[in-house]
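>>> structure, please.
(chains A, B, C and D)
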2 protein chains.
Amino acid sequence: MSSGANQTYRKPTINDVASHAGVSKKTVSRVINGLPGLSVATKGRVEQAILGLGYVPNPQARALALGRNFAIVLLHDNPNAQTVQNFERGILDAIQQSELALMVRPVDRHSPRMLEDVAAFLQQQRPIGAIILPPISERDEIGALCRSMGMRFVRVGSAALDDGDHSVTSTDRIAVTEACRLLIAMGHQRIGFVRGPQGFRSAAERELGFHSAMDAAGLLVQPDYSVKGDYRFESGRSAGRLLLSLDPRPTAIFASNDEMAAGVMHAAFERNLQIPRDLSLVGFDDSPTATHVWPSLTTVRWPIRDMGVLAAEKLVGDFLPNRRFSGDLVHLPAELVERASIAPPPPGA
Amino acid sequence: MSSGANQTYRKPTINDVASHAGVSKKTVSRVINGLPGLSVATKGRVEQAILGLGYVPNPQARALALGRNFAIVLLHDNPNAQTVQNFERGILDAIQQSELALMVRPVDRHSPRMLEDVAAFLQQQRPIGAIILPPISERDEIGALCRSMGMRFVRVGSAALDDGDHSVTSTDRIAVTEACRLLIAMGHQRIGFVRGPQGFRSAAERELGFHSAMDAAGLLVQPDYSVKGDYRFESGRSAGRLLLSLDPRPTAIFASNDEMAAGVMHAAFERNLQIPRDLSLVGFDDSPTATHVWPSLTTVRWPIRDMGVLAAEKLVGDFLPNRRFSGDLVHLPAELVERASIAPPPPGA
DNA sequence: GAGTTGATTGATACCGGTGTCAATCCCCCA
DNA sequence: TGGGGGATTGACACCGGTATCAATCAACTC
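Numbering: from 1, shown residues only, chains lettered A, B, ... in the order given. Modelled structure (predicted):
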């Protein structure tokens, strides 16, 4: 299990550097942290010693002395592996040049002790800050918790969930509106909608985007053309079966994510409908599924990885040598990706 | 950006507990760590004080004093979001009752300084141990590196990559053989194979599994029926186009992962072939894609999450209050998942 | 009753950094 | 040449734990 090795080599510490350079450890600390007020000669000697010994500061000691861990925590509730993973990549992109580390912490949205768990974790690990993914980011208590702890945080969501320093979003709603407008421009009038789970801000935003396009075109959304789902494949299939059994049935369907869109596809194929000939279909996420299904799915691409970068930069920009985004930026553009799953409605419809 | 809070509350430390209980901090330390040789009375007083104050040990201070961080590092090279994510979940399942944290560290397989990067990271963060995912786990140098640093590690792969204390695998090869045997039993004789990228152990194992089934059935694998791929969708599509243009074309294809299998599906649909009527198809991974495509894909399920649990238990079993697997276990069963993409070959073929 | 022994417990140093504040140095001016 | 003042630098305490080893204490032996 554990493998003990003979410790022939001890990592050099600040004390080694100090004695090699003939200065005090405090002076070495000044050099490491780039504090002003050092003579060029001293600084040079210390830097020589650091290079010569291959010295790297011990993050644990720093963490103890400073009372905080040089790490960012990603709090998430497993909405979707791809999303979390992309977020991680974005955060890591942003912090790779820094000395920061990334810790991942899934939390259980349904646990009554969720907030206590998060609080305990943050108290324990004392990271510099936390990046919180939806859906848990949507709960205002979590912002309040971070504030009360004096913890840096950024809440990621489908709409601004907090003030500009604490939120990162993408323009989901606008992109959904754009997608639906495209369907309408193609001639679709009966457009079905598969909603996301209740209580999710992202679901609400997508629905608002849909309604906004329909309203603008003067089209009515009939109640039974909007079916509930839970972002999962199965719910998409059920919703699809429901929608496609209506008479007249919709000629196009917008599903609030790709996974449900794939479910709708199954429902369509079960009825021997062809896509896009008999039914146009649009999803949301641009997940791998969207390219893998046949026909490939028109969808909305969420700039997740960039949002990760932006969130990290907002959170710990002062630790980063260079940043990609302005600190004022909050909304990143979501983008319509046109693929093969949409076409004008069949003539008779 | 950073949000300063008025520090009205200071977290209790071991000293607070000690003075409240009227003992020395060392005694408190003994209670925390469950060291023997304490009188019942003392232990009780200390425990009272801990509960009363809501004391939680500071991991940074511990890390400094002990010279290591109470964290596990997951080293990976972004093979596939779902895989990494599932692994994370498994690891977190295993360590959730413990005080350990999970840190994620992607590494760049193609960087010439990969090993140095990993070494520097481990030196810096001093985690208790590292779990290494394929494909980088397949490089023996990384095992050697961990050994030389006295770092605990577990290498995850498609075959035992190290001794039993340092490797976790699933029975990929056997499951692939089983899948192909099923195709053969259905009557398929011309079976195409889409390989994974060269130099990947997982790819080699899957290929061995395929050949083993073919050999056992006395079937010849013609060279042009085995096409190279790189685990990505596009390569699967190209491979599919190639295979399906052969004359006679294969009646079944095994693709070394689901993503490439989806590519093969596209190639088949482009030629107006129906699955499984004209072509049977099997993938590997049981990724979400496998259920999302139509027809849903017969595939091999990799017990990834369990492998994460097992890896974590191997690595830090001594920190865990209870474990799910025996420490001797190395191979976890991969499992054939039968879905709609396979059928007997068409009569004439 | 003195000495021995094992069980408890504490004093103190230490892990490797940072913060505080005083000491030292150097230069300049009167 | 003495003194003022800013620029450098260092001594030392501290962050919150753990390790070492000695001290204390009660019980037991003879």
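>>> list the contacts for the closest residue to DNA strand D within the stretch 151-300 of chain A?
Here the residue of the stretch 151-300 of chain A nearest DNA strand D is residue A:151; by CB to the nearest atom of the strand that distance is 16.0 Å. C-beta here means a position set from N, CA and C on the backbone, and glycine is covered the same way. Under the criterion of CB atoms under 8 Å, 6 or more residues apart in numbering or on different chains, the contact list for residue A:151 reads A:122, A:127, A:129, A:130, B:3.
>>> what count of nearby residues applies to the second one?
If I follow you right, that is residue A:127. 28 (other CB atoms under 10 Å in any protein chain shown).
>>> if we can go back for a sec, dump the contacts of residue A:151 to TSV, plus pLDDT.
Formatted as TSV, the contacts of residue A:151 follow (pLDDT from 0 to 100):
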residue	pLDDT
A:122	89
A:127	92
A:129	94
A:130	96
B:3	37
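>>> separate out the buried members of these.
Buried members of these, counted by 16 or more other CB atoms under 10 Å in any protein chain shown: A:122, A:127, A:129, A:130.
>>> what's the closest of the residues you listed to residue B:60?
residue A:127 (10.7 Å; CB to CB).
>>> switch the buried ones among the contacts of residue A:151 over to JSON lines; also include distance to residue B:83.
JSON lines is the format used below for the buried ones among the contacts of residue A:151 (distance: CB to CB, whole Å):
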{"residue": "A:122", "distance to residue B:83": "29"}
{"residue": "A:127", "distance to residue B:83": "26"}
{"residue": "A:129", "distance to residue B:83": "28"}
{"residue": "A:130", "distance to residue B:83": "25"}
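>>> report the two of the residues you listed separated the most.
Greatest spacing in the buried ones among the contacts of residue A:151, by CB to CB: A:122 and A:129 (9.5 Å).
>>> and the residue of the stretch 101-250 of chain A found nearest chain B, how many neighbours?
Proximity of the stretch 101-250 of chain A to chain B (CB to the nearest CB) peaks at residue A:150, 2.9 Å away. By the measure other CB under 10 Å, the count of residues near residue A:150 is 13.
>>> now do residue A:163
With other CB under 10 Å as criterion, residue A:163 counts 10.
>>> over to it: give its phi and psi.
phi -70, psi 170 (degrees, to the nearest 10).
>>> follow-up on the earlier one: any idea how far residue A:68 is from the residue of the stretch 101-250 of chain A closest to chain B?
If you measure residue A:150 against residue A:68 using CB to CB, to the nearest Å, the figure is 10 Å.
>>> got CSV for the contacts of residue A:151, with secondary structure too?
Shown next, in CSV, are the contacts of residue A:151 (DSSP: H, G, I helix; E, B strand; the rest coil):
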residue, secondary structure
A:122, helix
A:127, strand
A:129, strand
A:130, strand
B:3, coil
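>>> and those, which is closest to DNA strand C?
Nearest to DNA strand C, judged by CB to the nearest atom of the strand, of the contacts of residue A:151 is residue A:127 at 16.7 Å.
>>> check contacts around that closest one.
Per CB under 8 Å, 6+ apart, neighbours of residue A:127: A:68, A:69, A:71, A:72, A:73, A:103, A:151.
>>> which residues does it bridge with?
In this entry, residue A:127 is beta-bridged to residue A:69, by DSSP bridges.
>>> close to DNA strand C: what parts of the stretch 1-150 of chain A are there?
A:10-11, A:13-15, A:25-26, A:28-29, A:32-33, A:55, A:57-58, A:61-62, A:64-66 (CB under 7 Å from any atom of the strand).
>>> hmm, back to that, which ones among the contacts of residue A:127 are found in strands?
A:69, A:71, A:72, A:73, A:103 (DSSP state E).
>>> the third one against residue A:314, yeah?
Right, residue A:72. No: between residue A:72 and residue A:314 there is no contact under CB atoms under 8 Å: 11.1 Å.
>>> need the residues that contact stretch A:113-126.
So stretch A:113-126 is contacted by A:63, A:67-69, A:71, A:73, A:75, A:103, A:105, A:107-108, A:111, A:130, A:136, A:141-142, A:145-146, A:149, A:151, B:11, B:56, B:58-60, B:99, B:101 (CB under 8 Å, 6+ apart).
>>> list the buried residues of it.
Neighbour counts over stretch A:113-126 (16+ other CB under 10 Å) mark A:114, A:115, A:118, A:119, A:121, A:122, A:124, A:125, A:126 as buried.
>>> and what of stretch A:20-33?
For stretch A:20-33, by 16+ other CB under 10 Å, it's A:20, A:21, A:23, A:27, A:28, A:29, A:30, A:31, A:32.
>>> is DNA strand D contacted by it?
Yes: Stretch A:20-33 reaches DNA strand D (CB under 7 Å from any atom of the strand) through A:22, A:23, A:24, A:25, A:26, A:27, A:30.
>>> and the closest residue to residue A:164 other than its chain neighbours, what does it touch?
Distances taken as CB to CB, 6 or more residues apart in numbering or on different chains place residue A:330 nearest to residue A:164, at 5.1 Å, with adjacent residues excluded. Residue A:330 sits next to A:160, A:164, A:167, A:168, A:169 when contact means CB under 8 Å, 6+ apart.
>>> check residue A:325 too.
Contacts of residue A:325 by CB under 8 Å, 6+ apart are A:306, A:309, A:310, A:313.
>>> what helix or strand is the residue most central in space within chain A on?
For chain A, the residue nearest the mean C-alpha position is residue A:87 (4.4 Å; CA atoms, centre = their mean). Using DSSP states H and E, residue A:87 maps to helix A:81-95.
>>> got the angle between that helix and helix B:81-95?
Using axes from the mean of the first three to the mean of the last three CA atoms, to 10 degrees, the direction of helix A:81-95 lies 90 degrees away from that of helix B:81-95.
>>> check contacts around the closest residue to residue A:176 other than its chain neighbours.
Closest residue to residue A:176 apart from its sequence neighbours, by CB to CB, 6+ apart: residue A:209 at 2.9 Å. By CB under 8 Å, 6+ apart, the contact list for residue A:209 reads A:172, A:173, A:174, A:175, A:176, A:177, A:179, A:180.
>>> in helices, which of these fall?
A:172, A:173, A:174, A:175, A:176, A:177, A:179, A:180 (DSSP state H).
>>> neighbours of the last one, how many?
Here the number of neighbours of residue A:180 (other CB under 10 Å) works out to 25.
>>> ok, the first one next?
By the measure other CB under 10 Å, the count of residues near residue A:172 is 23.
>>> same question for the third one.
By the measure other CB under 10 Å, the count of residues near residue A:174 is 17.
>>> look up the closest residue to it, ignoring the ones flanking it.
Nearest one to residue A:174, counting by CB to CB, 6+ apart, is residue A:209 at 6.8 Å.
>>> look up phi and psi at the one you found.
phi -60, psi -40.
>>> that one and residue A:257, how far apart?
If you go by CB to CB, the gap between residue A:209 and residue A:257 works out to 13 Å.
>>> ok, now residue A:122?
30 Å.
>>> same question, residue A:276
19 Å.
>>> so between these two, which is more surrounded?
residue A:257 (31 against 20).
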